[in-house]
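**Student:** Quick one: sequence and predicted model below, then my questions.
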Amino acid sequence: MSQDTLAYDEALRIVLAASTRLPAQDCAVESCLGRVLASDIVSDAALPPFDNSAMDGFALNGKDDKVLAGTEFDVEGEQAAGDGVTHAGGGAWEIMTGARMPDGLDRVIPVEQTERLAPAARIRLLADVEPGQNVRTAGSDVQHGETVLAAGSALAPQHLMLLAALGVATVSVSERPRVAVLCTGRELVDDPKQALAPGQIRNSNGPFLAARLPLAGADVVHVETVGDDALAFEAALRRAWDAGAKVIVSSGAVSMGRYDFVPQALERIGAKTLFHKVAIRPGKPLLFARLPGDALLFGLPGNPIAVAVGLRFFIEPALRVMLGLPGEAPRRVPLSTPFSKKPRLRFHLKSRLHIDAQGRLATEILGGQESYRIKPLADANAWTVVPADIDALPAGALVDVYGPGHLEFPSPCESAA
Ligand SMILES: Nc1nc2c(c(=O)[nH]1)N[C@H]1C(S)=C(S)[C@@H](COP(=O)(O)OP(=O)(O)OC[C@H]3O[C@@H](n4cnc5c(N)ncnc54)[C@H](O)[C@@H]3O)O[C@H]1N2
Ligand code: MOO
């Protein structure tokens, strides 16, 4: 390995050190799905807010004792969900699921464990009823003053359910990192309706990055394709700044070719290159720089899988710091087949997490790992990572597995093909 090629861990350390947590902003709960909480949510209400019935039946009081089957009660009133405060005397109240318990009653017997007597305003119990039976007490789910969600939680629909139940209207979330995507290469065609001239290809990195970055918590503020021209690239960088980008992701032009102008363009504008080349596959020529004005530039190598790896293993960890999320830990999963590789490079492998015939979780490293091959990425649902110092692994060895994005983990519900 040449001296200027960094180990992944060292490169990641530089990326994380250069990334700073973004300020908090208020966000209406109805639009906070996927956002990351900037502070704890402390409940200023109890859930349930009042003692209520878990069953359609009859609310009773037994003065702390078990009420025995065969006991009869007069039915004094009816209490439905939504009814307010009522005060019971000594009798039973017909009550619906979710209805507030009448004051003075402490248990509920389900309607099917009762018998209506004539006249209809009297019932007989067909089962014993304990104190508190079928009553959902105030605060038994959430107590007033309890911390219900911690800062750093990425808000999922179940969190929105809790916030809605508590009547929270606005939450404090981390600002979304503002990201620009610049694709380089005069061979690229953006318009899918445009016929390709000989030597041209369609831009697939741009649409991938523009689709994946929002799933990673970022706000894509600018997307542009430029030819193999350093001046055009500099002008595009300026437009990205003008759009407010704090992170600029470029694809292509970072390797050894005659038109790989990104390093020189960065030097000319006074950017500080923090590293160029990492001991990984794919994506080895990856470049990371701080631009004047403090935006960060990730210069991803142009091959599509190098772009996907650069996003997943360099940019997403940086986004986590910006969003206030803790570092990500991989899942340890057994390999479905043996694997061997070149030593000294950390490999990031298009993989499929699946359940084998015995119901065990396993990761399958897919064929077609070359960095130009897009189809296996479309077939993959995970990344398997094999460290630089390992060159061979038997089937069943535990390996590190990451989801397709840092906020997603695949559901390995399908069996192996
Ligand atoms: N002599 C050497 N050649 C190469 C080396 C090397 O070390 N020495 N490294 C190889 C590796 S590894 C990679 S990765 C690539 C990276 O090259 P660049 O970052 O300079 O990228 P380009 O040359 O511009 O493009 C590479 C490849 O990707 C295609 N591409 C580019 N942009 C897109 C896009 N937006 N959508 C789809 N495909 C794209 C491009 O057409 C090229 O085929 O360099 C190797 N060479
Ligand atoms: O690292 Mo390059 O990404 O092998 O193709």
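**Tutor:** Looks like it came in fine. Ligands and ions are numbered 1, 2, ... in the order given.
**Student:** Okay, strands next: where are they in the stretch 301-417 of the chain?
**Tutor:** Counting by DSSP state E, counting those that start in this stretch, residue ranges of the strands within the stretch 301-417 of the chain are 331-334, 339-340, 346-355, 361-365, 382-386, 392-393, 398-402.
**Student:** by contact count, what packs against the fifth one?
**Tutor:** In other words, strand 382-386. strand 346-355, strand 361-365, strand 398-402 (3 or more CB pairs under 8 Å, 6 or more residues apart in numbering; DSSP states H and E). Yep, even glycine has a C-beta here, placed from its N, CA and C like the rest.
**Student:** Turn those strands into TSV, including mean neighbour count and distance to E72.
**Tutor:** Below are these laid out as TSV (neighbours: other CB atoms under 10 Å; distance: least, CB to CB, whole Å):
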stretch	mean neighbour count	distance to E72
strand 346-355	23	56
strand 361-365	21	58
strand 398-402	19	64
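**Student:** Quick one, which of those strands gets closest to A164.
**Tutor:** With CB to CB as the criterion, A164 lies closest to strand 398-402 of the helices and strands packed on strand 382-386, at 31.8 Å.
**Student:** Write out the residues of the stretch 201-350 of the chain neighbouring ligand 2.
**Tutor:** 281-284, 301, 303, 306 (CB under 6 Å from any ligand atom).
**Student:** mind redoing it with 8 Å?
**Tutor:** The interface of the stretch 201-350 of the chain toward ligand 2, taken as CB under 8 Å from any ligand atom, is made up of 255, 280-285, 301, 303, 305-306, 309.
**Student:** For the chain, which helix or strand comes out least confident on mean pLDDT?
**Tutor:** Ranking every helix and strand in the chain by mean pLDDT, DSSP states H and E puts helix 262-268 at the bottom, with a mean of 92.
**Student:** one step back: mind putting the helices and strands packed on strand 382-386 in TSV, distance to A382 and mean pLDDT included?
**Tutor:** Converted to TSV, the helices and strands packed on strand 382-386 look like this (distance: least, CB to CB, whole Å; pLDDT from 0 to 100):
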stretch	distance to A382	mean pLDDT
strand 346-355	4	96
strand 361-365	6	96
strand 398-402	5	98
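**Student:** In JSON lines: those, plus distance to T86.
**Tutor:** JSON lines is the format used below for the helices and strands packed on strand 382-386 (distance: least, CB to CB, whole Å):
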{"stretch": "strand 346-355", "distance to T86": "53"}
{"stretch": "strand 361-365", "distance to T86": "54"}
{"stretch": "strand 398-402", "distance to T86": "56"}
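**Student:** Reformat the ones you listed as JSON lines; add distance to ligand 1.
**Tutor:** Converted to JSON lines, the helices and strands packed on strand 382-386 look like this (distance: least, CB to the nearest ligand atom, whole Å):
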{"stretch": "strand 346-355", "distance to ligand 1": "12"}
{"stretch": "strand 361-365", "distance to ligand 1": "19"}
{"stretch": "strand 398-402", "distance to ligand 1": "20"}
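**Student:** ok now do V278, which residues does it touch?
**Tutor:** 5-8, 11, 284, 286 (CB atoms under 8 Å, 6 or more residues apart in numbering).
**Student:** Kindly report the same for A306.
**Tutor:** 282-286, 300, 371.
**Student:** Likewise for L237?
**Tutor:** So L237 contacts 182, 248, 265, 269, 291, 297 (CB under 8 Å, 6+ apart).
**Student:** How about the third one, nearest residue that isn't a chain neighbour?
**Tutor:** Nearest in space to A265, with sequence neighbours left out and distances taken as CB to CB, 6 or more residues apart in numbering, is A230 at 4.3 Å.
**Student:** The fourth one too?
**Tutor:** Once its chain neighbours are removed from consideration, I269 has its nearest residue in E234; the separation is 6.0 Å (CB to CB, 6+ apart).
**Student:** does that neighbour really touch L266, like I thought?
**Tutor:** No - using CB atoms under 8 Å, E234 makes no contact with L266, being 9.3 Å away.
**Student:** Look at the two and report which has more neighbours.
**Tutor:** Taking neighbours as other CB atoms under 10 Å, E234 and L266 compare with L266 leading, 25 against 15.
**Student:** give me every residue that touches the more buried one.
**Tutor:** 273, 287, 289, 291, 297, 299.
**Student:** so how far is the first residue of stretch 249-265 from its last?
**Tutor:** 15 Å (CA to CA, to the nearest Å).
**Student:** Could I get the buried residue list for it?
**Tutor:** Across stretch 249-265, burial judged by 16 or more other CB atoms under 10 Å covers 249-255, 260-263, 265.
**Student:** that older thread, and of the helices and strands packed on strand 382-386, who's closest to E30?
**Tutor:** When the helices and strands packed on strand 382-386 are compared (using CB to CB), the closest one is strand 398-402, at 31.0 Å.
**Student:** gap between that closest one and the chain center?
**Tutor:** Mean C-alpha position of strand 398-402 versus that of the full chain (CA atoms, centre = their mean, to the nearest Å) differs by 18 Å.
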